[in-house]
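[1] return atomic coordinates for the entry below.
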Amino acid sequence: MSLGPEVTFFVDLLAIYSIYIIINTSLNLEFGYAGIPNFGKVLAVGVGAFVAAAIPGRIFASMAGIEGDYIADNIAIMSGVNAWLVDNTGIGFTVFFVTLGIAAAISAVIGIATAYPAIRLRGDYLAITLLALAEGMRIIGINYADIAGGTLGVQLPDPLVWLPADLRFPIATLGLVAMATIAMIYSDRLIRSPLGRLLRAVRDNEVSAESLGKDVTRARVKTIMVAAAMAGIAGAMYAFYAGSTIAFAYDRINWTFWPFMMILIGGLANNRGVLVGTFIFVLVRKLITFYKDSVQEFVPFDVVWLDYLLLGVILIVILLYRPQGILKERATPTIHIEGHHDTPVYVRLKNIARRLVYG
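    All right, here's what the predicted structure looks like:
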């Protein structure tokens, strides 16, 4: 029994939506809350995808005793690996989650490495520097074939190969939804912590935050590290979902500029805005792709450009009439720490603040 086109449309929509939710949540931490214009977002996403392309296939091939050149004989090796995974699903899932951990760790380390030489820059200079570093990652992936097959790409092992073909993508999509939910919960807890308040302070007035003894540089580096780890996981999961990786697929349009557009449409420093902006973007693109044959007769140009046109118009309208996004930023209550608000120091500081405000 095969899935109908409507079900396939919904499954793919939900999968891509979940991937972008993870990426956009991490970008919202950087740009929305900390004010870091990370135009190198594709760097972390691509690193996660390259880890998924380079590590698990080689591990499975070694465990299954399959020999050959991993890049040159990739199709034959992956066929053997997937046949082996049918009878070794437990090992398959174990290596899959280990790969996600490795992708997060390497992305975080690279995030720190790129942050330190660039973190003292501000505004446009920081954005350009991060953009250039990300472009370097893509060039390395294209020209160094041992990572992800260079210009030809590689296939990835499928931990869900034991499922019936019709259920593979729906089950994988449920996993992506679960991971996106975890990312949203983690982000919500983070921004409601004292670190979240510090990030807003750094974004709004960095000098004031430094005058109060806050380590602004450390806060910015920590934010880039956490966001890079989240984006690395998203990149690895997208590679597993697609079943293959090629360096050309990880460009700055799809994995940097589009995420910026989504969070700008939904509203910066607002997780609900991330959900709304991402949904509008993904839905518009999927509808145009799904109904492109029907739409073509109504537009005087190639329909492949329609999503660029519509999304550009939506962004312009948002910036002109709703610059804060569809859902504007709201005050976020800090997580209550048991016993903290009952300490004498806290009570004394609260009384002093009340006297300063009310006289």
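[2] surely residue 42 meets residue 250?
    Yes: with contact defined as Cβ atoms under 8 Å, residue 42 reaches residue 250; the gap is 5.6 Å. C-betas here are computed from N, CA, C, even on glycine.
[3] overlap of the contact sets of the two?
    Taking Cβ atoms under 8 Å, 6 or more residues apart in numbering as the contact rule, residue 42 and residue 250 both touch 137, 138.
[4] show me the shaky parts of this structure.
    Filtered on pLDDT under 70, the chain yields the residue ranges 1-2, 117-119, 332-359.
[5] hey, where'd the strands end up in the chain?
    For the chain, the strands defined by DSSP state E occupy 154-155, 244-245.
[6] show me the strands paired with the first one, marking each as parallel or antiparallel.
    On the basis of DSSP bridges, the sheet neighbours of strand 154-155 come out as strand 244-245 (antiparallel).
[7] how about residues contacting the following helix or strand past the partner strand?
    Remark: after strand 244-245, the chain's next helix or strand is helix 252, criterion DSSP states H and E. The contact list for helix 252 (Cβ under 8 Å, 6+ apart) reads 39, 42, 131, 134, 135, 138.
[8] cool, and stretch 210-219?
    In contact with stretch 210-219 (Cβ under 8 Å, 6+ apart) are residues 34, 119, 120, 195, 198, 199, 201, 202, 206, 209.
[9] can you turn the buried part of these into a ChimeraX selection?
    A single ChimeraX command selects the buried members of these (16 or more other Cβ atoms under 10 Å):
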select :34,119,195,198,199,201,202,206,209
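[10] in contact with residue 258: list those residues for me.
    With Cβ under 8 Å, 6+ apart, residue 258 has these contacts: 20, 281.
[11] roughly how far apart are it and residue 86?
    Counting by Cβ to Cβ, to the nearest Å, the gap from residue 258 to residue 86 is 36 Å.
[12] for the contacts of stretch 210-219, which one is nearest residue 238?
    Nearest to residue 238, judged by Cβ to Cβ, of the contacts of stretch 210-219 is residue 34 at 24.5 Å.
[13] where's the closest one relative to residue 250, distance?
    24 Å.
[14] again, but for residue 171
    Residue 171 sits 25 Å away from residue 250, going by Cβ to Cβ.
[15] please identify which of these two sits among more neighbours.
    Between residue 171 and residue 250, counted using other Cβ atoms under 10 Å, the more crowded position is residue 250 (27 against 12).
[16] that one contacts residue 48, correct?
    No: applying Cβ under 8 Å, one finds residue 250 not in contact with residue 48, separated by 9.5 Å.
[17] which residues do the two both contact?
    Counting by Cβ under 8 Å, 6+ apart, the residues touching both residue 250 and residue 48 are residue 235.
[18] how about residue 295: what's its closest non-neighbour residue?
    In this structure, residue 295 finds its nearest non-sequential neighbour in residue 303, 5.4 Å apart by Cβ to Cβ, 6 or more residues apart in numbering.
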